[in-house]
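A.B. asks: Got a predicted structure here, sequence first:
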Amino acid sequence: MTYKIGYAWSVLFRLFHWAFALSIITLVVTGLYINNPWTNTVLEGSRSFPMATMRYIHFLAGFVFTAAVAVRLYLWLFGNRQEKFWDSAPITPRNIKNLFSTLAYYTYLTDRHDERLGHNALAGTAYLITIVLAAIQFISGFYLLYPESLFWQKWGVTLFKTQQQARFIHHILMWYFIIFAFFHLYIVIWNDIKSPEGLISSIFNGRKFHRSSS
Ligand code: HEM
Ligand code: HEM
């Protein structure tokens, strides 16, 4: 069997991925601290001010996270073929067929792997949901951060009504991202072992291997 190298992911896409992944890790750690400060409260307001530091890091990471989501939305429209919305969203007959064949492959019902240079449609659907939830997450975050801003109030009141409800949704969505990260890691490692595409290295160097008939 011979393999060809295909260029799957642009530099901008890979930068988005790592900005998104690393900002989420930072946001989860600092968010958990904001929710339930684990340091000795005697520290507060004396030599150090851990809550202020954690909130500051949370907001910085929040801006990186929001920029990453904006880049992903841009790539849905203007990225390369694999990065575009319709290449992996379950909206075309090709993708719907691929969604079911991937489900069968992941549940060990078949060994036939429908190889693609881009995401399979099951992954594409999960990523689509993730980016939509990420947009809800940053809207709730900015509504909490700038309660006096009319722009964020309009979005915040429409989507969440009160600040408290926005904070509750913001917290619940954190658990979506934590669970997503664990599933995501499991599935990319599983895929990397099962098929010789070089999936994990593709998110670093942009290239994937695919079977060539010649
Ligand atoms: C060491 C850690 C990680 C590795 C090796 C990794 C690897 C990958 C790979 C190989 C892909 C492309 C998979 C495909 O074609 O379906 C991908 C996509 C993605 N990863 Fe990760 N990932 C990591 C951490 C994370 C974390 C922590 C998050 C966020 C919680 C994340 C979010 C995403 C998203 C949203 C996509 C889809 C990109 C898109 O098309 O919108 N990743 N990752
Ligand atoms: C995946 C991304 C994010 C996660 C996991 C996350 C997590 C959290 C958590 C757990 C809290 C504590 C709320 C509570 O449970 O009481 C929090 C608070 C907050 N987050 Fe986020 N967050 C994220 C993104 C953002 C973004 C993009 C912003 C926008 C700047 C933001 C701004 C805020 C603000 C303003 C608060 C309230 C701080 C306070 O009350 O002192 N967050 N976040």
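C.D. replies: Structure's in. What do you need? Values in this document were obtained by computation on a predicted structure and should not be read as measured data. Numbers count the residues shown, from 1 in each chain. Ligands and ions are numbered 1, 2, ... in the order given.
A.B. asks: for I187, what are its contacts?
C.D. replies: 106, 123 (CB atoms under 8 Å, 6 or more residues apart in numbering). (C-beta placed from N, C-alpha, C; glycine too.)
A.B. asks: That one: which element?
C.D. replies: Per DSSP states H and E: I187 is located in helix 163-194.
A.B. asks: Can you give me the buried ones in that helix?
C.D. replies: 166-167, 169-170, 173-174, 177, 180, 184, 191 (16 or more other CB atoms under 10 Å).
A.B. asks: What about ligand 2: which of those residues touch it?
C.D. replies: Contacts with ligand 2 are made by 167, 170, 174, 177 out of those, judged by CB under 6 Å from any ligand atom.
A.B. asks: per-residue confidence at the residue lying closest to the second one once chain neighbours are set aside?
C.D. replies: Nearest non-adjacent residue to H170, counting by CB to CB, 6 or more residues apart in numbering: S140, 4.3 Å away. Confidence per residue is given as pLDDT, and for S140 that number is 98.
A.B. asks: do the same with W9
C.D. replies: At W9, pLDDT is 98.
A.B. asks: what's the distance between the residue nearest to it when sequence neighbours are not counted and ligand 1?
C.D. replies: Of all residues not flanking W9 in the chain, G206 sits nearest, at 4.4 Å (CB to CB, 6+ apart). G206 sits 11 Å away from ligand 1, going by CB to the nearest ligand atom, to the nearest Å.
A.B. asks: before we move on, what about W152?
C.D. replies: From W152 over to ligand 1 (counting by CB to the nearest ligand atom), the distance is 24 Å.
A.B. asks: so where does that residue fall, helix or strand?
C.D. replies: Secondary structure from DSSP H and E places W152 in helix 150-160.
A.B. asks: hmm, that helix in reach of ligand 2?
C.D. replies: No: Helix 150-160 lies out of reach of ligand 2 by CB under 6 Å from any ligand atom, never closer than 9.7 Å.
A.B. asks: Could I get the full set of strands for the protein?
C.D. replies: Along the chain, the stretches classed as strands by DSSP state E are 2-7, 207-212.
A.B. asks: right, so the ones you listed: which one is the most enclosed?
C.D. replies: strand 207-212 (a mean of 16; mean count of other CB atoms under 10 Å).
A.B. asks: which residues sit in contact with the residue lying closest to Y3 once chain neighbours are set aside?
C.D. replies: Closest residue to Y3 apart from its sequence neighbours, by CB to CB, 6+ apart: F209 at 4.4 Å. Residues in contact with F209, defined by CB under 8 Å, 6+ apart, are 3-6, 196-198.
A.B. asks: how near is F209 to H113?
C.D. replies: Going from F209 to H113 by CB to CB, to the nearest Å gives 13 Å.
A.B. asks: Adjacent strands (with direction) for the lowest-mean-pLDDT helix or strand in the chain?
C.D. replies: Ranking every helix and strand in the chain by mean pLDDT, DSSP states H and E puts strand 207-212 at the bottom, with a mean of 88. Sheet pairing for strand 207-212, assigned by DSSP bridges, gives strand 2-7 (antiparallel).
A.B. asks: for this protein, what are the low-confidence residue spans?
C.D. replies: Scanning the chain with the threshold set as pLDDT under 70 gives 40-41, 213-214.
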